[in-house]
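Asker: need the 3D shape of this:
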Amino acid sequence: MNGLEYQQHGHGTGIWTGTLFIGQFLTPIVLGAAAAALGSLGFTLGALGIACAVALFAVLVRGPRMVPVSH
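Answerer: Okay, the predicted model is just below:
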């Protein structure tokens with residue numbers, strides 16, 4: 001919210017809340033489909049953990065991205 005102008009706080013909060021609930025709705029569907037494709041939920045969660053670790057490594061190697069905030 002600090003990066004938004006005061007007039008945009010409602011939009012920012014709505015977008016954040018909307019994406020949170022979409023994620024909560026889609027997570028069991030996506031994990032169920034992936035578990036069916038990969039064979040087990042445990043293997044699917046392990047693969048997801050590895051993918052997250054690779055993404056973290058990529059972000060750490062790239063370094064922070066500085067985006068100027070205009071007020």
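
Asker: and residue 61, helix, strand or coil?
Answerer: Assigned with DSSP: H, G, I helix; E, B strand; the rest coil, residue 61 falls in the helix class.

Asker: what does stretch 35-49 contact?
Answerer: 31, 34 (Cβ atoms under 8 Å, 6 or more residues apart in numbering). Heads up, the C-betas are built off the backbone N, CA and C, glycines and all.

Asker: what about it, average pLDDT?
Answerer: If you average the pLDDT over stretch 35-49, you get 94.

Asker: buried sites along it?
Answerer: Across stretch 35-49, burial judged by 16 or more other Cβ atoms under 10 Å covers residue 44.

Asker: next one: it to chain centre, how far?
Answerer: 18 Å (Cα atoms, centre = their mean, to the nearest Å).

Asker: how about stretch 10-21?
Answerer: 13 Å.

Asker: and if you look at stretch 49-69?
Answerer: Chain-centre distance of stretch 49-69: 12 Å, with Cα atoms, centre = their mean.

Asker: could I get that stretch in PDB with only the CA atoms?
Answerer: Provided in PDB are the C-alpha atoms of stretch 49-69 (Å, rounded to 0.1, in the frame of the first residue of the first chain):
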ATOM      1  CA  GLY A  49       9.400 -27.400  -3.600                       C
ATOM      2  CA  ILE A  50      12.200 -28.000  -6.000                       C
ATOM      3  CA  ALA A  51      10.600 -25.600  -8.500                       C
ATOM      4  CA  CYS A  52      10.300 -23.000  -5.800                       C
ATOM      5  CA  ALA A  53      14.000 -23.500  -4.800                       C
ATOM      6  CA  VAL A  54      15.000 -23.000  -8.500                       C
ATOM      7  CA  ALA A  55      12.900 -19.900  -8.700                       C
ATOM      8  CA  LEU A  56      14.500 -18.500  -5.500                       C
ATOM      9  CA  PHE A  57      18.000 -19.300  -6.800                       C
ATOM     10  CA  ALA A  58      17.200 -17.400 -10.100                       C
ATOM     11  CA  VAL A  59      15.900 -14.400  -8.100                       C
ATOM     12  CA  LEU A  60      19.000 -14.400  -5.900                       C
ATOM     13  CA  VAL A  61      21.400 -14.700  -8.800                       C
ATOM     14  CA  ARG A  62      19.600 -11.900 -10.700                       C
ATOM     15  CA  GLY A  63      19.700  -9.600  -7.700                       C
ATOM     16  CA  PRO A  64      17.200  -7.100  -6.400                       C
ATOM     17  CA  ARG A  65      15.300  -5.100  -9.000                       C
ATOM     18  CA  MET A  66      15.100  -1.400  -8.100                       C
ATOM     19  CA  VAL A  67      11.800   0.200  -9.200                       C
ATOM     20  CA  PRO A  68      11.500   3.900  -8.600                       C
ATOM     21  CA  VAL A  69       8.400   5.000  -6.700                       C
END
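
Asker: perfect, that will be all.
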